[in-house]
Structure formats: C-alpha cells, structure tokens
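Colleague: sequence first, predicted coordinates after that:
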Amino acid sequence: MKNWKEICTLSLVHFMAFPEMQTGEGAFIQSIQRISELDFFGALEMGSINSPSLRAEVREAVSDHGFKLAFGAQPIILSQGLNLNDPDHSVRVVAVHSLMTAIDQAAEMGAESFVILSGKDPGKENRAMAYRHLTESIERLAEYSERKGIRMVLEVFDRSVDKKALVGPAEEASGLADQVRMEFPEFGLLYDMGHMPLLDEVPQTALPILVPHLSEVHLGNCVKNPASPVYGDKHPRFGYPGGVNGTPELVSFLRELFKTGFLDADAKGENLPWVGFEIRPQKDETTDQILENIITTWLDAWSRV
C-alpha cells in the first residue's frame with residue numbers, strides 16, 4: 001500500500017480538536033503551528049474567527065504551512081439555531097443571510113469549501129416540503145459561494161438521536177444532491193463515520209449510494225448507550241469506553257472507500273479526496289491526547305487495509 005499522502009488529503013476538524021476556540025477567539029496561529037509540526041495532516045477545517053485581522057493571519061499561516069482549508073459552519077448553525085428548511089420563510093431568510101456572512105469569512109480565510117447541515121427533521125408528514133425548502137436555501141447559498149470560488153458541501157447528520165437533522169439517511173441525501181447538482185454540479189456531501197451508527201447504517205450499503213456525490217468523509221466515533229455521558233454525537237476518540245468505532249471499524253470503512261472508488265490507489269495530482277478526523281476531547285482529556293489517538297489509530301488501520 002502506498003503512503004496515504006499519495007491517495008488522500010487527511011484533514012483535521014480544528015474546532016473539535018480545539019473546542020475552546022469555537023467562540024471565534026483563541027490561539028489560532030499557535031495551534032496551526034502545532035498541527036504542522038506533526039507532519040501528518042494536509043488540510044484544516046476551521047470555523048468562525050471574529051477578528052478580520054486574525055482571519056488574515058490565519059490565511060497566511062495556513063498557506064505558509066502548506067495546508068488546504070475548509071470552513072465548517074456547523075457550530076454557527078447549531079449555536080444560533082439556524083434552520084435552512086424551516087417552514088417559516090422569514091426564518092429561512094435569516095439563516096441564509098447569516099451563512100452568507102460566514103461565506104464572506106471563509107473567502108477571507110482562503111477556504112475552498114464551506115460545510116453546512118440541514119435543519120431539524122419535521123417528521124414524515126412534512127418532510128417533502130422541508131426538502132423543497134432546504135433545496136431552495138442550498139441553491140441560494142451555492143450561488144453565492146460559487147461567486148467566491150468556494151464549493152458548497154452538506155454534512156449528513158443523525159435524524160433521531162442527537163442533532164435530529166432532516167439529512168439524514170444515505171438514500172435521501174443522495175436524492176437531495178441529485179437535485180442540487182442539476183444547477184450546481186460542484187455541490188457535494190460529507191459523510192461522517194461517527195454519524196453512521198446513529199443512522200443505523202453500515203459502510204457497505206451507505207457508501208455505494210453516496211459516493212457519486214461525496215466531497216469528503218469524516219472519521220470518528222460515537223456512543224449509542226443513552227446512559228453514557230457522551231451519548232449521541234459527542235465525537236469521542238477511537239476506542240472510547242462504550243464507543244462504536246475503533247480500529248477494526250476504521251479498517252472496514254477504509255476498505256469500502258477503496259471499493260467504491262472514493263479512494264483510488266492509482267490517484268495522481270493535487271485534488272485528492274479529503275478524509276477528515278472529527279474528534280473532540282472529552283472530560284479530563286487534552287487535545288494532545290486526541291491528536292495522538294488519531295495518529296496511532298490511523299497508522300494501525302492503514303497498515304491493515
């Protein structure tokens with residue numbers, strides 16, 4: 001097996017590994033330097049940064065260290081309760097305008113993609129209308145981001161456990177992507193290995209459905225036991241007590257990524273597929289421990305693929 005750097009770009013979801021910076025304040029430049037010293041990741045997925053001058057510094061630091069950059073708007077959407085498929089048109093307008101402002105930030109930082117998630121699932125009876133509203137909102141955002149040279153990406157979340165998002169099951173996510181890509185062919189989906197068990201899906205069935213539309217995958221873990229303090233979508237490390245995903249599950253996921261063609265051992269060029277780690281320190285854990293867990297687990301899994 002080749003070195004993974006010839007096959008994919010490993011990214012780190014910065015605002016998960018460094019949760020103290022989700023407020024848009026913090027030692028961003030120092031953290032970028034710290035990640036660079038690992039000589040492991042090729043891209044960063046960062047969230048909102050409040051200061052325009054700091055955004056400019058981050059752009060320079062990311063470039064200097066040779067990272068690619070994505071902008072993750074998930075913390076903005078979740079913290080502000082934005083809903084791109086709300087039945088109230090005025091609520092959707094607020095959500096779209098708020099995310100357009102975030103797209104402006106992403107452009108300032110030099111991001112090449114902008115990741116969002118859908119709003120709450122309204123239930124089976126109202127789901128078709130919610131999808132129409134969501135498609136309309138995404139198309140407005142995609143048109144705006146396209147002018148900035150940024151690709152719009154929708155992350156798939158759980159529907160019934162934690163985030164309870166409209167999107168959602170692989171089949172429905174694929175159908176949404178089919179619709180949006182008629183007008184915006186660069187639009188893509190992001191599928192998270194840590195959300196997969198919460199959707200009661202497995203890679204062997206979900207990934208073949210999704211792969212024509214996948215822009216990126218995330219690797220991570222979750223806990224399905226309601227008695228656990230990290231029940232749901234809390235992004236614990238691999239091997240966390242009670243967690244679903246460890247090295248064997250990562251090996252299975254990677255094998256399916258190769259089988260479906262998302263990962264290509266004969267790939268050439270700079271536009272390699274992104275494989276991101278979305279893992280958060282839990283109580284009494286540090287960012288350093290999380291980074292070590294990511295690297296150790298990846299190296300072990302890669303050697304088995």
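Modeller: Yes, it's here.

Colleague: would you map the helices across the stretch 201-305 of the chain?
Modeller: With DSSP state H, counting those that start in this stretch, the ranges of helices along the stretch 201-305 of the chain come out as 203-210, 247-260, 287-304.

Colleague: so the residue of the chain most remote from its centre, which state does it fall into?
Modeller: Distance to the chain centre peaks in the chain at Glu125, reaching 28.5 Å (criterion: CA atoms, centre = their mean). Here Glu125 is helix, with the state taken from DSSP: H, G, I helix; E, B strand; the rest coil.

Colleague: per-residue pLDDT, it?
Modeller: pLDDT recorded at Glu125 is 96.

Colleague: with Lys268 instead?
Modeller: We have a pLDDT of 71 for Lys268.

Colleague: repeat that for Met1.
Modeller: On the pLDDT scale, Met1 gets 64.

Colleague: now the one 4 residues further on
Modeller: The predicted local distance difference test score for Lys5 is 91.

Colleague: before we move on, what about Asn271?
Modeller: For Asn271, pLDDT reads 84.

Colleague: got the contact list for it?
Modeller: By CB atoms under 8 Å, 6 or more residues apart in numbering, Asn271 lies in contact with nothing. Every residue, glycine included, has its C-beta placed from N, CA and C.

Colleague: circling back to that earlier point, so which of the helices of the stretch 201-305 of the chain comes closest to Met46?
Modeller: Taking CB to CB, helix 287-304 is the member of the helices of the stretch 201-305 of the chain nearest to Met46, at 14.5 Å.

Colleague: just give the number of residues close to the residue nearest to Pro208 when sequence neighbours are not counted.
Modeller: In space, Pro208 comes closest to Thr260 once its chain neighbours are excluded; the distance is 5.4 Å by CB to CB, 6 or more residues apart in numbering. Using other CB atoms under 10 Å, Thr260 has 18 neighbouring residues.

Colleague: could you check how far Thr260 is from Val217?
Modeller: To Val217, Thr260 is 10 Å away according to CB to CB, to the nearest Å.

Colleague: same check, this time on Ile150
Modeller: According to CB to CB, Ile150 stands 19 Å off from Val217.

Colleague: of the two, which one has the most company?
Modeller: Neighbours per residue (other CB under 10 Å) separate Ile150 from Val217, with Val217 holding more: 25 against 22.

Colleague: distance of the closest residue to Leu263 other than its chain neighbours from Asp158?
Modeller: Among residues not flanking Leu263 along the chain, Leu257 sits closest, at 4.4 Å (CB to CB, 6+ apart). Relative to Asp158, Leu257 is positioned 21 Å away (criterion: CB to CB).

Colleague: do Gly246 as well
Modeller: Applying CB to CB, the value for Gly246 to Asp158 is 20 Å.

Colleague: what of Pro197?
Modeller: From Pro197 to Asp158 the distance is 9 Å (CB to CB).

Colleague: try Cys222
Modeller: Separation of Cys222 from Asp158 (CB to CB) stands at 8 Å.

Colleague: Met129 - how many residues pack around it?
Modeller: The number of residues packed near Met129 is 12, by other CB under 10 Å.

Colleague: need the contact list for it.
Modeller: Shown in contact with Met129 (CB under 8 Å, 6+ apart): 87, 122.

Colleague: next secondary structure element downstream of the helix or strand it falls within?
Modeller: Per DSSP states H and E: Met129 is located in helix 127-147. Once the chain leaves helix 127-147, the next helix or strand it forms, by DSSP H and E, is strand 151-155.

Colleague: on that earlier part again, more neighbours: which of Cys222 and Asp158?
Modeller: The neighbour comparison of Cys222 against Asp158 (other CB under 10 Å) goes to Cys222, with 27 against 23.

Colleague: wait, doesn't the more buried one sit right on Asp200?
Modeller: No: if you go by CB atoms under 8 Å, Cys222 and Asp200 don't touch, sitting 11.9 Å apart.
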